[in-house]
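S.K.: I would like the atomic coordinates for the input below:
(one chain, ligands or ions: 1)
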Amino acid sequence: MYQSSRPRGDSPVSIIGAGIAGAWQALLFAQAGHAVTLYERSDAAMTLATSHWAGGMLAPWCEAEASEPVIGRLGIRALDLWRKHFPETPFNGSLVVAHARDRADFERFAKLTTGHRRVDAQALRELEPSLEGRFRDGLFYENEGHVEPRRVLPELHGRITAAGGKIEFDHDADADNLDGLVIDCRGLAARDRLPELRGVKGETIVVESSEVELSRPVRLIHPRWPLYVIPRGDGRFMLGATSIEAEDTGVSVRSALELLGAAYAVHPAFAEARIVEFGSGLRPAFPDNLPRIAIEEQKISVNGLYRHGFLLAPALAELTLGYVARGVIDNEVMQCV
Ligand SMILES: Cc1cc2nc3c(=O)[nH]c(=O)nc-3n(C[C@H](O)[C@H](O)[C@H](O)COP(=O)(O)OP(=O)(O)OC[C@H]3O[C@@H](n4cnc5c(N)ncnc54)[C@H](O)[C@@H]3O)c2cc1C
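M.R.: I've put the predicted structure just below:
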């Protein structure tokens with residue numbers, strides 16, 4: 001489909017929000033030759049962004065267990081973009097394991113997802129020597145990757161300026177006061193224009209242990225939440241994440257017990273680990289938990305990335321650029337309002 005009132009392909013572009021959604025938009029638009037300014041109300045540490053608190057897993061096949069096919073379609077495309085723009089991104093795959101009592105849920109997870117192969121105890125040990133003797137078998141999603149949000153966001157910001165874009169931190173921007181094409185990537189703060197948005201709380205704990213080594217995210221089947229352990233390097237591991245329909249911040253005792261229990265279930269040496277950080281973020285979500293690119297003449301909003309922001313942001317940026325450059329509409333995620 002083609003829109004006649006779409007912005008011009010050479011418009012200057014203002015992007016509001018330098019989280020993962022806005023940063024990828026800024027990068028692709030700057031690289032395509034647009035004069036890009038990216039506004040961010042936080043400072044460069046980005047602690048106001050949900051993206052700061054995320055796991056950073058690039059896991060379209062695992063996520064298929066609880067999401068619509070469009071997440072897989074865009075996510076698989078996005079993996080190519082991560083590989084192209086950040087060739088050093090670790091694509092070591094992900095592992096899914098379960099204890100005997102959760103066997104039925106493990107088999108259900110296997111049935112609902114593709115892109116994996118079953119690995120027995122020996123293959124598991126070869127992949128992750130630290131897990132020797134811990135699990136009877138596992139599911140290995142060998143094409144999945146992960147990024148460290150607190151490393152990749154500054155890298156993205158650096159790439160944007162290298163491509164000629166400007167970034168203004170500590171700048172609370174208002175879409176109505178900006179010229180040219182405005183791309184609103186404010187996450188949950190965009191509720192003033194998108195009242196259906198809600199926050200889905202995710203709690204995490206970072207621990208440090210010299211006794212466990214992992215090369216890839218390990219998901220532990222759990223009756224309520226997909227709990228995981230993500231290696232962060234330097235002996236640090238992120239334990240995540242709860243998924244709670246609440247918009248407060250902080251970590252409850254119950255969640256902390258579950259997250260720490262999951263780590264202990266993956267490896268008992270985590271009992272001696274040092275707790276480095278408790279954290280939580282609010283995932284911006286629409287009622288259907290699907291991302292949305294809403295187009296209104298010179299304003300485009302990209303939001304609702306829910307639990308898939310790192311996975312989907314490159315593909316959503318490519319779609320937005322495709323619309324501005326060539327008028328291409330993706331009916332599954334774009335709406336002209
Ligand atoms: C615990 C947890 C784990 C997660 N794990 C994963 C994962 O493993 N993989 C994955 O793909 N996703 C994951 N997610 C989801 C992912 O973090 C979100 O989908 C993503 O961060 C949303 O990005 P965003 O850019 O839309 O929003 P944000 O990251 O919140 O960015 C919006 C930015 O806009 C700025 N802003 C707001 N208003 C203004 C204004 N007026 N002017 C200027 N700036 C403004 C804010 O300061 C903020 O920096 C996780 C989320 C959580 C909470």
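
S.K.: give me every residue in the stretch 1-150 of the chain lying close to the ligand.
M.R.: Proximity of the stretch 1-150 of the chain to the ligand, by Cβ under 6 Å from any ligand atom, involves residues 16-22, 39-42, 46, 48-51, 53-57. Every C-beta, even on glycine, is put in place using the N, C-alpha and C of the backbone.

S.K.: which members of the residues you listed occur in strands, if any?
M.R.: Those of these mapping onto strands are 16, 39, 57, per DSSP state E.

S.K.: mind putting the residues you listed into CSV with neighbour count and pLDDT?
M.R.: Converted to CSV, these look like this (neighbours: other Cβ atoms under 10 Å; pLDDT from 0 to 100):
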residue, neighbour count, pLDDT
16, 26, 98
39, 25, 98
57, 26, 98
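
S.K.: looking at those residues, which is nearest the ligand?
M.R.: Using Cβ to the nearest ligand atom, residue 57 comes nearest to the ligand of these, at 3.5 Å.

S.K.: could you verify my assumption that the closest one touches residue 229?
M.R.: No. Applying Cβ atoms under 8 Å as the test, residue 57 and residue 229 come out as separate, 11.1 Å apart.

S.K.: between those two, what contacts are shared?
M.R.: residue 217 (Cβ atoms under 8 Å, 6 or more residues apart in numbering).

S.K.: now do the phi/psi pair for the closest residue to residue 334 other than its chain neighbours.
M.R.: In this structure, residue 334 finds its nearest non-sequential neighbour in residue 293, 4.7 Å apart by Cβ to Cβ, 6 or more residues apart in numbering. Dihedral pair for residue 293: phi -110, psi 110, per degrees, to the nearest 10.

S.K.: same check on residue 64?
M.R.: Main-chain dihedrals, residue 64, degrees, to the nearest 10: phi -60, psi -20.

S.K.: give me the pLDDT for it.
M.R.: pLDDT, residue 64: 96.

S.K.: now it: how far from residue 189?
M.R.: 30 Å (Cβ to Cβ, to the nearest Å).

S.K.: residue 89 too?
M.R.: Relative to residue 189, and taking Cβ to Cβ, residue 89 is found at 28 Å.

S.K.: let me see the ranges of the helices in the stretch 101-250 of the chain.
M.R.: 103-112, 121-127, 149-162 (DSSP state H, counting those that start in this stretch).

S.K.: now mean neighbour count and mean pLDDT too, for these, in TSV please.
M.R.: TSV is the format used below for the helices of the stretch 101-250 of the chain (neighbours: other Cβ under 10 Å; pLDDT from 0 to 100):
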stretch	mean neighbour count	mean pLDDT
helix 103-112	14	95
helix 121-127	15	96
helix 149-162	18	98
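
S.K.: Serialize these to CSV and add fields for distance to residue 247.
M.R.: Listed next are those as CSV, based on distance: least, Cβ to Cβ, whole Å:
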stretch, distance to residue 247
helix 103-112, 28
helix 121-127, 38
helix 149-162, 20
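
S.K.: so which of these comes closest to residue 71?
M.R.: Closest approach to residue 71 among those (Cβ to Cβ): helix 103-112, 12.9 Å.

S.K.: which bits of the stretch 201-337 of the chain sit near the ligand?
M.R.: Residues of the stretch 201-337 of the chain lying near the ligand (Cβ under 6 Å from any ligand atom): 202, 204, 240-241, 281, 283-284, 305-311.

S.K.: only whichever of those residues are buried, select them in PyMOL.
M.R.: Typed into PyMOL, the line below selects the buried ones among those, using 16 or more other Cβ atoms under 10 Å:
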select buried, resi 202+204+240+241+281+283+284+305+306+307+308+309+310+311
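
S.K.: so which of the residues of the stretch 201-337 of the chain next to the ligand sit within helices?
M.R.: Within those, membership in helices is found for 309-311, as judged by DSSP state H.

S.K.: quick one: contacts of the helix or strand harbouring residue 302?
M.R.: Under the criterion of DSSP states H and E, residue 302 resides in strand 299-303. Strand 299-303 is touched from outside by 21-22, 25, 175, 181-187, 190, 193-194, 197, 284, 286, 291-294, 316-317, 320, 323-324, with contacts defined as Cβ under 8 Å, 6+ apart.

S.K.: nothing else from me, thank you.
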